[in-house]
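Asks: Based on what follows, work out the 3D shape:
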Amino acid sequence: YMARRYWADESAGKDNIITASLIEINYLSVAKTQEISTAQEKLDEDLRREFFLNAFEYDPGGFLQSTPKVPSRNELEVYRRQLTQIEQAAEGEKIPIPEIREALTRFFERMVRVISALEKSSEKKGKAAKEKKTIGVPEFFENQEFLEWVINKPQADRVIKNLSLLNKYIEDRKSLRSPILRFKNLVNEFLKQTGKEIHVAPNGQITVSIDDAQKNRPITALSSGERQLLVM
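Replies: Now for the predicted structure:
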């Protein structure tokens, strides 16, 4: 059935042992890909649920703190590093990284302006500010930039939490496909001297590209020695 389905044009050699093994390999790849797709659907569902719950999470922010926390550039760098890691990890994945980056750029820019304004305000206080162990809430609330930060701090925390969720999602997604990728990379390491390369289609079907040919061929295009290598 698998031979008829994927190799309808290959009439020769359907009855030998090596070809039967190729059929089995193709079937294993298709079956594993279906298993990965099922697991991927659960990952997608879990991510959507987590994002949804975060969107409605109640966070009172820092209004009631006796010593509100002032934002820092180090804190801002945490956001940037997290996004950079996701961009690197998402290479080749169907993650809308450009859209995510664009949406966060304005958020980061505003955070930079708030942090810069607070730094300038702190510098003006000079020695008096250094002698204070804590700064009272009323004094903080006279600072427009700090007020803006306090109001948006819960959203900033939510951003970093969602970026962490997205990062874990990408890593879990790659982990699901690692058996297929290991198989493909190992075989191609042996085939690289021959000008041939195997590919695993989204449906799990294994095909072969030969040199610069535009159209991939079925794995029956491999030589007898290459077929045995694939089987091993």
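
Asks: Let me know the next secondary structure element after the lowest-mean-pLDDT helix or strand in the chain.
Replies: Lowest on mean pLDDT, DSSP states H and E among the helices and strands of the chain sits helix 137-141, with a mean of 51. Where DSSP states H and E defines the elements, the next helix or strand beyond helix 137-141 is helix 144-191.

Asks: Can you tell me the SS state at Asp52?
Replies: Slight slip there: residue 52 is Phe, not Asp. Look at Phe52: counting by DSSP: H, G, I helix; E, B strand; the rest coil, its state is helix.

Asks: Show the pLDDT at it.
Replies: pLDDT for Phe52: 85.

Asks: same question, Leu28
Replies: Value for Leu28, per-residue pLDDT: 91.

Asks: Give me the phi and psi angles of it.
Replies: phi -60, psi -40 (degrees, to the nearest 10).

Asks: All the helices of this structure, residue numbers only.
Replies: 2-6, 17-55, 73-89, 97-131, 137-141, 144-191, 224-231 (DSSP state H).

Asks: residues contacting Phe183?
Replies: Ser29, Val200 (Cβ atoms under 8 Å, 6 or more residues apart in numbering). No exception for glycine: its C-beta is placed from N, CA and C like everyone else's.

Asks: Quick check: it vs Asn26, distance?
Replies: 12 Å (Cβ to Cβ, to the nearest Å).

Asks: shaky segments in this protein?
Replies: Applying pLDDT under 70 to the chain flags the ranges 2-15, 60-71, 88-94, 122-143.

Asks: Name the residue closest to the centre of it, please.
Replies: For the chain, Ile170 is the residue whose C-alpha lies nearest the centre (Cα atoms, centre = their mean; 3.1 Å).

Asks: Give me the distance between it and Thr194.
Replies: In terms of Cβ to Cβ, Ile170 sits 33 Å off from Thr194.

Asks: swap in Gln205?
Replies: In terms of Cβ to Cβ, Gln205 sits 21 Å off from Thr194.
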